[in-house]
Every structure is written in C-alpha cells, then in structure tokens.
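**Student:** Below: sequence and its predicted model.
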Amino acid sequence: MLQATKLEEILEDDGIIFLTYGGFFTQSIIAGMTEVLEKEVSETNLSMKISHNIYIVFIELAQNIMNYSKKLKDGEYFDPKGLIYVGKQDNDYFVTSQNIISQRDKEKVEPILQHIQTLSQDEIRQLYRKVRREGKQAHSKGGGLGFLEIAKKVSSIEYEFIPLGKDKFYFKFYTII
C-alpha cells in the first residue's frame, strides 16, 4: 500500500505528483483543488478518459474525507481533516486519501469495500445502476454509491483501517486509474 511517506520515493523514481493536500476539507477547498488539478492534468496532455476518471475519483475521495471525518458519536466531532494526493508512477495514475473515521463509519464502509473488491467491472456497473435506480443510497453518507462510482473508474482499489484508540481508525484508501 502506498503511503504518504513514499512521496519522496515516487519523485526520485521520476514519478509525478499533480496535487497534494493535507488539512481541513470544505466544498470550496475541494472546488479550488479541482481547478488546480485540472490545470496540472491539462499540462500533461492526458486522454479525456483518464483525466475524467482522475477528477471523479479525486472529488469522491475528497468528499469522503469531508463527510467521514466529522462525526463520532454523542455530540463529539472530528474536524474534517485528511490527506489526498494525485500522481503518476511508472505508467499508473493514482489517487490516494487518508483520514480518521469513527468505528461506526468503518462498520458501514468496510463491508461495501469488501464486496466491491469481489466484483468484476461489469458487475460493478450493474450494481451501480441498480443502486441508482433504487435510490436508497443516492444521497446518504453510507459509502455505497460513491465507492461504486470510484470502482467504475479505477483498475485497482486498496484500503486499510488502522486502529487509533477507542472508536477511531486511520482510513487509508488507494486507487490506480
């Protein structure tokens, strides 16, 4: 699993980091980062399909950081903080995110990600259409539709949950586009 401590290795191996951001996430910050990402990606002359996929994955992961880093329980809140970076190493483009989530959110997200990893791209598209038609998770913060959207756009998903104490986990998410 690629970790933030390996950014230097990527750069030393002639990798490219298009965007790195760590800190507080809001919709306006995500919009600003998307503009920066668009500029960086346009300068590399990527195909429309790859650049579109990078944008979609970036936006979904940034919104996940903003949504899942907030609530704990009983009125306690995390700040919506995290780390996200977009880059290229060898011939692969990637988007990676890291943030702290609650036990409750881990219990929602983990089974969805486990299930997605068992599906083919065709099955992911079918499940995505089914979930959209049913509308159950279209506007919820349950991780279903957003992770399916990501899975449609990438060739690989890896994730891990590292315990940080009572009811908190460090959630690392890595995609290859």
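**Tutor:** Everything's here; your move. Numbers count the residues shown, from 1 in each chain.

**Student:** and the helix or strand containing residue 30, C-alpha only, in PDB?
**Tutor:** Using DSSP states H and E, residue 30 falls within helix 27-42. Output in PDB follows, covering the C-alpha atoms of helix 27-42 (Å, rounded to 0.1, in the frame of the first residue of the first chain):
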ATOM      1  CA  GLN A  27     -16.700  22.200  -0.500                       C
ATOM      2  CA  SER A  28     -14.900  25.400  -1.500                       C
ATOM      3  CA  ILE A  29     -11.500  23.900  -0.800                       C
ATOM      4  CA  ILE A  30     -12.400  20.800  -2.900                       C
ATOM      5  CA  ALA A  31     -13.600  23.100  -5.700                       C
ATOM      6  CA  GLY A  32     -10.300  25.000  -5.600                       C
ATOM      7  CA  MET A  33      -8.200  21.900  -5.600                       C
ATOM      8  CA  THR A  34     -10.200  20.600  -8.600                       C
ATOM      9  CA  GLU A  35      -9.300  23.700 -10.500                       C
ATOM     10  CA  VAL A  36      -5.600  23.200  -9.700                       C
ATOM     11  CA  LEU A  37      -5.800  19.500 -10.600                       C
ATOM     12  CA  GLU A  38      -7.500  20.400 -14.000                       C
ATOM     13  CA  LYS A  39      -4.600  22.800 -14.700                       C
ATOM     14  CA  GLU A  40      -2.000  20.300 -13.800                       C
ATOM     15  CA  VAL A  41      -3.600  17.500 -15.700                       C
ATOM     16  CA  SER A  42      -4.200  19.600 -18.800                       C
END
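
**Student:** quick one: average pLDDT of the next helix or strand after it?
**Tutor:** Next along the chain after helix 27-42, taking DSSP H and E as the criterion, comes helix 48-68. Across helix 48-68, the average pLDDT comes to 90.

**Student:** any chance you could map the strands in this protein?
**Tutor:** Residue ranges of the strands in the chain, as given by DSSP state E, are 16-24, 81-89, 92-102, 156-163, 168-176.

**Student:** what sits against the nearest residue to residue 116 once chain neighbours are set aside?
**Tutor:** Closest residue in space to residue 116, ignoring its immediate chain neighbours: residue 151 at 4.9 Å, by Cβ to Cβ, 6 or more residues apart in numbering. The C-beta positions use only the backbone N, C-alpha and C, and glycine is treated the same way. By Cβ atoms under 8 Å, 6 or more residues apart in numbering, the contact list for residue 151 reads 116, 119, 124, 128, 157.

**Student:** Where does the prediction get shaky in this structure?
**Tutor:** 1-15, 70-79, 136-143 (pLDDT under 70).

**Student:** one step back: out of the contacts of residue 151, who's nearest residue 92?
**Tutor:** residue 157 (13.1 Å; Cβ to Cβ).
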